[in-house]
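Asker: give me coordinates for this.
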Amino acid sequence: MGADDQCSFCTVMFAVPAMIGLARAGDLDRARRYREIADASSQLWNGTAWQAAFDEAKAHLARAEGDAAAERLAARAARAFDRSGQPLDAARCRALADELAAEAALLP
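Answerer: Residues are numbered from 1 along each chain as shown. You can find the predicted model right below:
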């Protein structure tokens, strides 16, 4: 996207998956930059599934940073997706929360 090709509402549609992909690839600085963009845009969509999607992305970033909040964020995303009537997204986030719980159980 070009600098002038932005919509403050629509950027969440790119920023959330970019944040997830960058976090999973280990590019945490760029993931954090997209977190700021996603945060600003998702606030414009109050009461929608975009907050759930942003929580899911934050869970991926927290996981990459070794932050114990990752499981809580994934579970919160699942609940928000449930409330938004998006059961497949909710199931994906529950699976992520379960995976994070299993990882945490292996830590000393």
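Asker: thought L96 was touching E56?
Answerer: Yes: L96 is within contact range of E56, at 7.2 Å (criterion: CB atoms under 8 Å). Glycine gets a C-beta too; all of them are placed from N, C-alpha and C.
Asker: so what's in contact with those two at the same time?
Answerer: Counting by CB atoms under 8 Å, 6 or more residues apart in numbering, the common neighbours of L96 and E56 are A74, A77.
Asker: more crowded one of the two?
Answerer: Higher neighbour count among L96 and E56: E56, with 26 against 21, using other CB atoms under 10 Å.
Asker: OK, contacts around the residue nearest to L73 when sequence neighbours are not counted?
Answerer: Using CB to CB, 6 or more residues apart in numbering and skipping the chain neighbours, the partner closest in space to L73 is A59 (3.8 Å). Counting by CB under 8 Å, 6+ apart, A59 makes contact with A70, E71, L73, A74, A77, C93, L96, A97, L100.
Asker: so what does the nearest residue to the second one once chain neighbours are set aside look like in phi/psi?
Answerer: Leaving out its chain neighbours, the residue that sits closest to E71 by CB to CB, 6+ apart is L100, at 4.0 Å. Note on L100: backbone dihedrals following degrees, to the nearest 10 are phi -70, psi -40.
Asker: hang on, isn't L100 packed against G66?
Answerer: No: contact criterion CB under 8 Å: L100 and G66 do not qualify, at 11.3 Å.
Asker: those two - which one has more neighbours?
Answerer: L100 (22 against 8).
Asker: rewinding a little: in helices, which of the contacts of A59 appear?
Answerer: Applying DSSP state H to these, the entries found in helices are A70, E71, L73, A74, A77, C93, L96, A97, L100.
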